[in-house]
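Asker: Coordinates for the following, if possible.
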Amino acid sequence: MYKLLIVEDEEILRNGLITTIDWTKLGFQIVGCGRDGQEGLLKAKQLEADVVLTDIRMPKMNGLDMARQIKQFNNSIEIVFLSGYDEFSYAKQGLDIGVFNYIMKLNMYEEIEKVFTKLKKHLDNTMRSISEIAELNDIKYKKNITDLLNGTPGDWLNGMDKISLIVCYLNDKGSYKGSYEIMKDYMYVYLIEDGLYIGICASAKTADVMFSAKVMNVARSLSPYALKGNVAISEIVENGEGIGDEALKAYKLLDIAEKKEGRLPNLLLCRKDLQEHLVKPKSILFDEIEKQLELKRYTYYSNLSNQWFEEAVTAEDIYYKDARKMAERLALKLQDSLKEVNSEHVSDVDEFIQYINSSYSIIRIHEEFMKLIKPALISLQKINFNQAGAAIEEAVKYINKNYDKQISTKEIADMINLSTPYFSASFKKITGENYSNYLCNIRMEKACELLVTTRLKVYEISHMVGYLDEKHFSKMFSKQYNMTPATYRKTHKNE
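Answerer: Residues are numbered from 1 along each chain as shown. Next up is the predicted model:
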């Protein structure tokens, strides 16, 4: 269905054209109406009309002048004139500037069907040709652009002395449709893949101001289709070898604009908008994050990873390639841990790595990484908790037998081959109390038994249950039972 704009100053005639003709049957959809040439020109641009059906004599701007200006900004728009006998000379002038046809008002309802049937065939043939050329160009230039970003520019930009990159993420409001422009001294090509738009503008022997204006025009036309309207424009470089580095900056600027939503303009200029939003990164290193995984401190591992990616968005000298490497290293270390326990999430890491290698956004890499590690860490926690059960049971038996010795948390953890933090967490989760409280309770129970069943002095009992300092023992005992050891003995001696 082709988009039709009707421009007619007489309301009765305008309404008749809208309601009398079965435009859908002819293959057209009315997208708007104009009451004069100025309004028609504006709506032809705004509504992206394929065809304009217009009167010639109208106020403010006549149909002929409007047609000239429409053809100047988009020569592919087809124009059909409605003409009276006294306007025939104007209609013939229209044919000279590329108007498709003219229809005499006297028999217009009969003529419209004939002219627009012919026009639809013409448009269909044109679209087929454009599609065939576009398909060939897409294959060619998709490879060219991909190679360019990967650091192998080839020779397709030879002779161009001004090159600029335009990037954005497309929204879901409609598909962007732009025409390639491939001329001797100017080129505009692009590729769209998985919602990502990458455009290349290149020119030879063009003034900086003129080239910048062309690049900005492309960016402006793209902005309505861009996610949050954000389009990043690289600095102008002299050859294709510099585009790879410019791409890193442009994608980073898109991430910064998303993070600082509303505080940057929609059209983002790397030469102006990037540097002022960069900060020095904090020194959270891979080894530091990895250590938390080895110690089974999964919450710390998750929090430090999250912090690294959060800061990477605005950190200077950290780009999407660095985020890819960091995410892959962390994910592979996580996969090693998952393999050790035969977790079902091992294959998730492979899928994640495949995804991030096609992502240009630190924010998206961050989001997918956190989605990956959440179920994986829960899985590790459950499995390690079950495995830790036997180890904690062994620790409890050892404590019950050796409560009279000076045994530290680290000594027990080393004995059962667990890290100290993981031992402490597991011990509390399994027994319901932390290690120091459990040891204290065992010692106090034994002290109570000795106080009632023996005549040993308090300091002797203190040493026998593991307290070398009698005063400290008495303090802990009083805290536990709200009475001194001596009072406890007197109270319970007849039991």
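
Asker: only C-alpha atoms for contact and neighbour calcs from this point on.
Answerer: Fine.

Asker: Domains of this protein: list them as residue ranges, please.
Answerer: 2-125, 150-276, 286-386, 391-492 (automatic domain parsing).

Asker: how about a markdown table for those, with distance to Tyr141, mean neighbour count and mean pLDDT added?
Answerer: Below are the domains of the chain laid out as a markdown table (distance: least, Cα to Cα, whole Å; neighbours: other Cα atoms under 10 Å; pLDDT from 0 to 100):
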| stretch | distance to Tyr141 | mean neighbour count | mean pLDDT |
| --- | --- | --- | --- |
| domain 2-125 | 23 | 18 | 84 |
| domain 150-276 | 7 | 18 | 87 |
| domain 286-386 | 18 | 18 | 88 |
| domain 391-492 | 55 | 16 | 88 |
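
Asker: What segments of the stretch 151-300 of the chain are helices?
Answerer: 208-222, 243-259, 286-294, 298-312 (DSSP state H, counting those that start in this stretch).

Asker: Can you add distance to Val80 and give the ones you listed back as CSV?
Answerer: Shown next, in CSV, are these (distance: least, Cα to Cα, whole Å):
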stretch, distance to Val80
helix 208-222, 26
helix 243-259, 43
helix 286-294, 67
helix 298-312, 56
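
Asker: of all those helices, which lies closest to Leu380?
Answerer: helix 298-312 (8.7 Å; Cα to Cα).

Asker: report the angle between the axes of that closest one and helix 243-259?
Answerer: 110 degrees (axes from the mean of the first three to the mean of the last three Cα atoms, to 10 degrees).

Asker: which helices and strands does helix 298-312 pack with?
Answerer: Judged by 3 or more Cα pairs under 8 Å, 6 or more residues apart in numbering; DSSP states H and E, the packing partners of helix 298-312 are helix 286-294, helix 362-402.

Asker: angle of it against helix 286-294?
Answerer: 150 degrees.

Asker: hey, C-alpha coordinates of helix 298-312 in CSV?
Answerer: Taking C-alpha atoms only, helix 298-312 is exported to CSV below (Å, rounded to 0.1, in the frame of the first residue of the first chain):
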residue,chain,number,x,y,z
TYR,A,298,29.2,-15.5,46.1
THR,A,299,27.6,-12.3,47.2
TYR,A,300,30.9,-10.4,47.2
TYR,A,301,31.7,-11.9,43.8
SER,A,302,28.3,-10.6,42.4
ASN,A,303,28.6,-7.2,44.1
LEU,A,304,32.2,-6.6,42.9
SER,A,305,31.3,-7.7,39.3
ASN,A,306,28.3,-5.4,39.3
GLN,A,307,30.4,-2.5,40.5
TRP,A,308,33.0,-3.0,37.8
PHE,A,309,30.5,-2.9,35.0
GLU,A,310,28.6,0.0,36.5
GLU,A,311,31.8,2.1,36.7
ALA,A,312,33.0,0.9,33.2
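
Asker: what's the angle from that helix to helix 362-402?
Answerer: Going by the same axes, to 10 degrees, helix 298-312 makes 160 degrees with helix 362-402.

Asker: Helix 298-312: what's the following helix or strand?
Answerer: helix 320-340 (DSSP states H and E).

Asker: got the contact list for the very next helix or strand once past that next one?
Answerer: Once the chain leaves helix 320-340, the next helix or strand it forms, by DSSP H and E, is helix 346-356. Contact partners of helix 346-356, identified using Cα atoms under 8 Å, 6 or more residues apart in numbering, comprise 324, 328, 331-332, 335, 338-339, 365, 368-369, 372.

Asker: And stretch 392-405, by the same measure?
Answerer: 412, 416, 423, 426-427, 430, 439, 442-443, 463-467.

Asker: Out of the residues you listed, the closest to Val115 would be?
Answerer: Ser426 (82.8 Å).

Asker: pretty sure the closest one contacts Ala388?
Answerer: Yes: counting by Cα atoms under 8 Å, Ser426 touches Ala388, with 6.9 Å between them.

Asker: show me what contacts Leu254?
Answerer: 168, 230-232, 268.

Asker: go with 7 Å
Answerer: 230, 232 (Cα atoms under 7 Å, 6 or more residues apart in numbering).

Asker: Could you check how far it is from Glu235?
Answerer: Counting by Cα to Cα, to the nearest Å, the gap from Leu254 to Glu235 is 14 Å.

Asker: With Gly242 instead?
Answerer: On the measure of Cα to Cα, Gly242 and Glu235 end up 10 Å apart.

Asker: hang on, the earlier thing: show me which of the contacts of stretch 392-405 is closest to Met66.
Answerer: Comparing the contacts of stretch 392-405 against Met66 with Cα to Cα picks out Ser426 as the nearest, at 79.4 Å.

Asker: one step back: so which of the helices and strands packed on helix 298-312 comes closest to Phe100?
Answerer: Comparing the helices and strands packed on helix 298-312 by Cα to Cα, helix 362-402 comes nearest, at 48.3 Å.

Asker: what's the angle between the closest one and helix 346-356?
Answerer: 150 degrees.

Asker: what's the angle from helix 362-402 to helix 320-340?
Answerer: In terms of direction (the same axes, to 10 degrees), helix 362-402 departs from helix 320-340 by 30 degrees.

Asker: which element follows helix 362-402 toward the C-terminus?
Answerer: helix 409-415.

Asker: Save the domains of the chain as TSV, and put in distance to Lys140 too.
Answerer: Formatted as TSV, the domains of the chain follow (distance: least, Cα to Cα, whole Å):
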stretch	distance to Lys140
domain 2-125	23
domain 150-276	10
domain 286-386	20
domain 391-492	56
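
Asker: looking at those domains, which is closest to Lys143?
Answerer: domain 150-276 (9.2 Å).

Asker: Give me the distance between the two termini of that closest one.
Answerer: For domain 150-276, the end-to-end distance is 27 Å (Cα to Cα).

Asker: picking up where we left off before, nearest to Thr146, of the contacts of helix 346-356?
Answerer: Arg324 (17.6 Å).

Asker: List the contacts of the closest one.
Answerer: Arg324 sits next to 356-357 when contact means Cα under 7 Å, 6+ apart.

Asker: How about Tyr180?
Answerer: 188-189.

Asker: quick one on the thing from earlier: farthest-apart pair in the contacts of helix 346-356, please.
Answerer: Lys339 and Ile365, at 22.9 Å, using Cα to Cα across the contacts of helix 346-356.

Asker: Now do Thr314 against Gln307, distance only.
Answerer: For Thr314 relative to Gln307 (Cα to Cα), the value is 12 Å.

Asker: Same check on Cys270?
Answerer: 25 Å.

Asker: now do Met476
Answerer: Distance of Met476 to Gln307, computed by Cα to Cα: 42 Å.

Asker: Next: Leu295.
Answerer: Counting by Cα to Cα, the gap from Leu295 to Gln307 is 19 Å.
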